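In: Next input, structure requested:
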Amino acid sequence: MCEIPSAVGQLSRLRSLNLSASVFYGQIPLELLALSKLVFLDLSGNPLLKLHKPDLRNLVQNLTHLKSLYLSLVDIFSTIPYQLANLSSLTSLGLRGCGLYGKFPMNIFRLPSLQALSVRYNPYLVGYLPEFEKASPLKMLFLEGTSFSGELPTSIERLDSLTELNIQSCNFTGLVPASLGHLPQLSYLDLSNNSFTNKTHCFNLHNMNLSGEIPSSLANMSQLSTLSLEENQLSGQIPSWLMNLTQLTELYLEKNQFEGSIPSSLFELINLQYLYLHSNHLSGTVGLRLLSKLKDLTHIQLSNNRLSLLSYNSTNATFPKFKLIGFNGCNLTEFPVFLWNQDELEWLFLAGNNIHGSIPRWMWNISRETLFALDLSGNFLTGFDQHPVVLPWSRLLRLDLGSNMLQGPLPIPPPSTLQYSVDKNKLSGKIPPLLCNMTSLRSLYLSSNNLSGKIPQCMANFSKSLLVLDLGNNNFDGPILETCKVPNNLRVIDLSENQFQGQIPSSLANCVMLEHLILGNNQIDDVFPFWLGALPQLQVLILRSNRFHGAIKRWLTNFKFPSLHIIDLSDNEFVGDLPYEYFQNWDAMKLTKGNSLQYMQANTVFEMPGYIMPANFIYSMTMTNKGIQRFYEKIPNSFKAIDFSGNNFKGSIPTSIGNLKGLHLLNFGGNNLTGYIPSSLANLTQLESLDLSQNKLSGEIPSQLTMMTFLEFFNVSENHLTGPIPQGNQFATFSNASFDGNPRLCGSPLSRVCGSSEASPPTPSSSKQGSTGEFDWKFVLMGYGSGLVIGVSIGYCLTSWKHEWFVETFGKQQRKWTRTKTMGLRS
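Out: Numbers count the residues shown, from 1 in each chain. Alright, predicted model coming up:
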């Protein structure tokens, strides 16, 4: 232990001095003030040091270039000199526990570069917070244990860089401003032990990346009326001390990571009107009878937890009149009986439960004049006790009956409906003309039913407002509807897996917002619709398994598909050369960057009285990838794919295909391609699946292809390839089946040794060239690349004499489609 030597003053060029926690004692020498070039000074953590003579005022008058000044725990025992506010370069000031007293100079808050300020544990230091300016860079403010007082200014929301605020144990009064909830970077907040009144106050800290448990300091805010902590990362159990907030009318804890049971004391907050606990990890049982205690409750959201709601069928209890009930995924086995008397409901969500049987007749009588949204999807409903001609809710905007077991004719919602989903059921019959009264529709999902007949011509009127039209996987026939007679907002058309005939209507050229066109597995007889290339937003074009024919016309200036990510022309009757001009100009497929966690979707907002309802329509599709036909319930934005397999394309593979560096899937199998495999394919470094099988390709496999380290599936079987198989990286993972049917190929994994004149007898698969149903496909999908876009690797075996395409589905809602054509054959 010693004093700071006076010789320190001889270090005249010194810019940084750190003597923190060094057990120095005594007076800080005057000579230290001669270090005029100092920009960093840290003497903190030395409680035996004194700054009396010279004092703090002398120090800041001499060291005018300081950017960081840390004197915490140094014995200063003085006021804070106003000259400190002249240190215009100061970014950090630490004066914790220094015995400071008197009035804090307000201009210090206005220092243009100040990011961190701590004067805590100076109990005789007084001051108040100013009106903050927008330009303040302040990140950390610690006033704990001082005598700061007054009200928190609403302008505190202008400190948009603030990450930590601690004003515990001060003398602040008045209301905690709701503007605290507008600080986007705030991660630590302590307001405890003050004198806030908070009598009709909304305390809002939603979507601020808060973590840990709810701070117990909030328990002291007994007059709080609104507590909003949603969309953070808060964890632990919901604290029972919330019952102390007896004036609480609104509680928003949704979209966090809370676990455990809902404390029964929460149902003692008799003033509650809004209770939002959805999208957490809450578990246990909740008796619906508890809701009868909350007479003022109008909005309750418990969806998307692990809760089980216990029915309460007594007619003696009086339940509140609800406007919103959210019980999605709450293990209900029947419709809650208390709904009988609900005549003011606006939103009712009962999706993803275990409700079986028919929808009871009394459901048609609840809230006929008020209901906006009804979601009964994902249950086991089979029909209606009484099937109404038109559903009775006159103001209904959203109806979702999807993923049930509904039978019979198509239910018809009222004309007010904007969103109608009844997909993945067992409905049958034709589309009734009454559906055409729904001229305000934004989305119509009728896919995966047994509906049949022609599409009513009057449905063409939908396209003025419609965003999504999904009629896939039914038994519709006849011509494709003229859906876009005038420019409109249509984003998605899915007519796949039906029996539509004829040509693609030219009116689709008016669908200038179209992003997703799925027409696969029909009986469309047409040439390639090159004119669709003028649609500026088109990302996905699937024409698989139809009767398209002829050559693909040359690329023209106005028809270049500028946004195309995915194109599937497989199993048609196209002829001629591969369209190299398109490969040169499909710019969206050249991009390798993209967020694989974001998905293709259409976003919109529905406005209604008192509410704004965002709606996201997630795009889906079916496509063959890595030899398996799979259903993509979501399509990653970054996914790029070309499938031209099962046609009669001829000629060579254009080298320009190597420009499409964003590709993840490329399938030219089952054609009549000749020539060499271009080494430019090695530029496709994102590629995960490459199928060139069943062609007439010759020459060697380019060794450069070993650079494709994400490649999981590779098939060049049934060609005329020669020479050694490249070795290393992904090629070490491919089996014989990837190379079968090329008698002049040699090297691992084949048994033929390069340089040997002996030819191995052909395998059963190579002797059955031309029929993928008759050769042994055994692929082990593994390797150095993990398949970042598509997901898990799947090992599979397709037997040599019979095989069916496996369909991978995602989630509970299944949609199974079978590829009926055999690649390379014509019926």
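
In: quick one: residue 567 and residue 642 touch, right?
Out: Yes. Residue 567 is in contact with residue 642 according to CB atoms under 8 Å; the separation is 5.6 Å. Where C-beta positions appear, they are placed from N, C-alpha and C, glycine not excepted.

In: Comparing those two, which shows the higher neighbour count?
Out: Here residue 567 and residue 642 are compared on neighbour count by other CB atoms under 10 Å; more neighbours surround residue 642, at 25 against 22.

In: Show me what the more buried one is bridged to.
Out: Listed by DSSP bridges, the beta-bridge partners for residue 642 are residue 567, residue 666.

In: contacting residues for it?
Out: With contacts taken as CB atoms under 8 Å, 6 or more residues apart in numbering, residue 642 has the following neighbours: 566, 567, 589, 660, 663, 665, 666, 667.

In: Now do the contacts for the last one.
Out: Translated: residue 667. Applying CB under 8 Å, 6+ apart, the residues contacting residue 667 are 570, 624, 642, 643, 644, 645, 689, 690, 691.

In: and if you look at the second one?
Out: Contacts of residue 567 were listed using CB under 8 Å, 6+ apart, and they are 540, 541, 542, 561, 641, 642, 643.

In: ditto for the fifth one
Out: Contact partners of residue 663, counting by CB under 8 Å, 6+ apart, are 589, 640, 641, 642, 684, 686, 687.

In: related to what we said a few turns ago, quick check, nearest of the contacts of residue 642 to residue 530?
Out: Closest approach between those and residue 530, by CB to CB: residue 567, at 12.2 Å.

In: residues touching residue 357, list them.
Out: Residues touching residue 357, when contacts are defined by CB under 8 Å, 6+ apart, comprise 380, 381, 382.

In: want to try TSV for these, with secondary structure, distance to residue 439 and pLDDT as columns?
Out: Compiled in TSV, the contacts of residue 357 are given as follows (DSSP: H, G, I helix; E, B strand; the rest coil; distance: CB to CB, whole Å; pLDDT from 0 to 100):
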residue	secondary structure	distance to residue 439	pLDDT
380	strand	33	97
381	strand	28	97
382	strand	30	96
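
In: so where is the stretch 151-300 of the chain shaky, pLDDT-wise?
Out: Counting by pLDDT under 70, the ranges of the stretch 151-300 of the chain that qualify are 181, 187, 197-209, 217, 220-221, 223.

In: where along it do the strands fall?
Out: Listed in chain order, the strands of the stretch 151-300 of the chain (DSSP state E, counting those that start in this stretch) span residues 164-166, 171-174, 188-190, 195-196, 202-204, 211-212, 226-228, 233-236, 250-252, 257-260, 274-276, 281-287, 299-301.

In: Any regions of the stretch 351-500 of the chain where pLDDT drops low?
Out: Within the stretch 351-500 of the chain, the ranges that satisfy pLDDT under 70 run 463.

In: Which members of the contacts of residue 642 are the farthest-apart pair?
Out: 589 and 667 (14.1 Å).

In: Now do the same for residue 790: its pLDDT.
Out: As summarised for this prediction, residue 790 has a pLDDT of 33.

In: Ok, residue 603 next?
Out: 78.

In: Helix or strand for it, just tell me which one.
Out: strand 601-608 (DSSP states H and E).

In: quick revisit: columns distance to residue 101 on top of the contacts of residue 663, output as TSV?
Out: Written out in TSV, the entries for the contacts of residue 663 read as follows (distance: CB to CB, whole Å):
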residue	distance to residue 101
589	70
640	68
641	72
642	76
684	71
686	65
687	71
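
In: all helices of this structure, in order?
Out: In order along the chain, the chain carries the following helices (DSSP state H): 56-62, 580-585.

In: Give the buried residues for the longest one.
Out: Of the residues in helix 56-62, 56, 57, 58, 59, 60, 62 count as buried by neighbour count, 16 or more other CB atoms under 10 Å.

In: Which residues does that helix contact?
Out: Contact partners of helix 56-62, identified using CB under 8 Å, 6+ apart, comprise 28, 30, 33-34, 36, 51, 66, 69, 71, 76, 78, 80-81, 83-84, 86-87.

In: hmm, which of those residues are the buried ones?
Out: Buried members of these, scored by 16+ other CB under 10 Å, are 28, 33-34, 51, 66, 69, 71, 76, 78, 80-81, 84, 87.

In: what two of the residues you listed are the furthest from one another?
Out: Within the buried ones among the contacts of helix 56-62, two members stand farthest from each other by CB to CB: 34 and 80, at 22.8 Å.

In: out of the buried ones among the contacts of helix 56-62, which are inside strands?
Out: When those are checked against strands using DSSP state E, the ones located there are residue 69.

In: Arrange the buried ones among the contacts of helix 56-62 in CSV, one row each, with pLDDT as further columns.
Out: CSV is the format used below for those (pLDDT from 0 to 100):
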residue, pLDDT
28, 94
33, 93
34, 93
51, 95
66, 96
69, 96
71, 96
76, 95
78, 94
80, 96
81, 95
84, 95
87, 94
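
In: For the buried ones among the contacts of helix 56-62, give me JSON lines that also has distance to residue 264.
Out: Formatted as JSON lines, the entries for the buried ones among the contacts of helix 56-62 read as follows, by distance: CB to CB, whole Å:
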{"residue": "28", "distance to residue 264": "60"}
{"residue": "33", "distance to residue 264": "65"}
{"residue": "34", "distance to residue 264": "69"}
{"residue": "51", "distance to residue 264": "57"}
{"residue": "66", "distance to residue 264": "57"}
{"residue": "69", "distance to residue 264": "53"}
{"residue": "71", "distance to residue 264": "52"}
{"residue": "76", "distance to residue 264": "53"}
{"residue": "78", "distance to residue 264": "55"}
{"residue": "80", "distance to residue 264": "51"}
{"residue": "81", "distance to residue 264": "57"}
{"residue": "84", "distance to residue 264": "54"}
{"residue": "87", "distance to residue 264": "56"}
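
In: What is the nearest of the buried ones among the contacts of helix 56-62 to residue 293?
Out: Taking CB to CB as the measure, residue 80 is the one of the buried ones among the contacts of helix 56-62 closest to residue 293, at 53.9 Å.

In: Look up how far residue 48 lies from that closest one.
Out: For residue 80, the distance to residue 48 under the criterion CB to CB, to the nearest Å works out to 22 Å.

In: Residue 358 too?
Out: For residue 358, the distance to residue 48 equals 83 Å [CB to CB].

In: Give me the pLDDT for the residue sitting nearest the centre point of the chain.
Out: Nearest to the centroid of the C-alpha atoms of the chain, with distances taken as CA atoms, centre = their mean, sits residue 598, at 5.3 Å. At residue 598 the predicted local confidence, pLDDT, stands at 86.

In: now it, nearest residue through space, not along the chain?
Out: Taking CB to CB, 6 or more residues apart in numbering, and ignoring the residues beside it in sequence, residue 598 has residue 637 as its nearest neighbour in space, at 4.6 Å.

In: What of residue 503?
Out: Per CB to CB, 6+ apart, closest to residue 503 is residue 526, 4.2 Å.

In: residues near residue 12, how many?
Out: Residue 12 has 9 neighbours, counted by other CB under 10 Å.

In: just residue 522 next, same as before
Out: Residue 522 has 23 neighbouring residues, counting by other CB under 10 Å.

In: wait, doesn't it sit right on residue 498?
Out: Yes. Here residue 522 reaches residue 498: they are 5.5 Å apart, a contact under CB under 8 Å.

In: Return the set of residues that bridge with residue 675.
Out: Residues found in beta-bridge contact with residue 675 (criterion: DSSP bridges) are residue 697.

In: Would you confirm that it contacts residue 650?
Out: No. Residue 675 is beyond contact range of residue 650, at 10.0 Å (criterion: CB under 8 Å).

In: who wins for most neighbours among the contacts of residue 663?
Out: residue 640 (29 neighbours).
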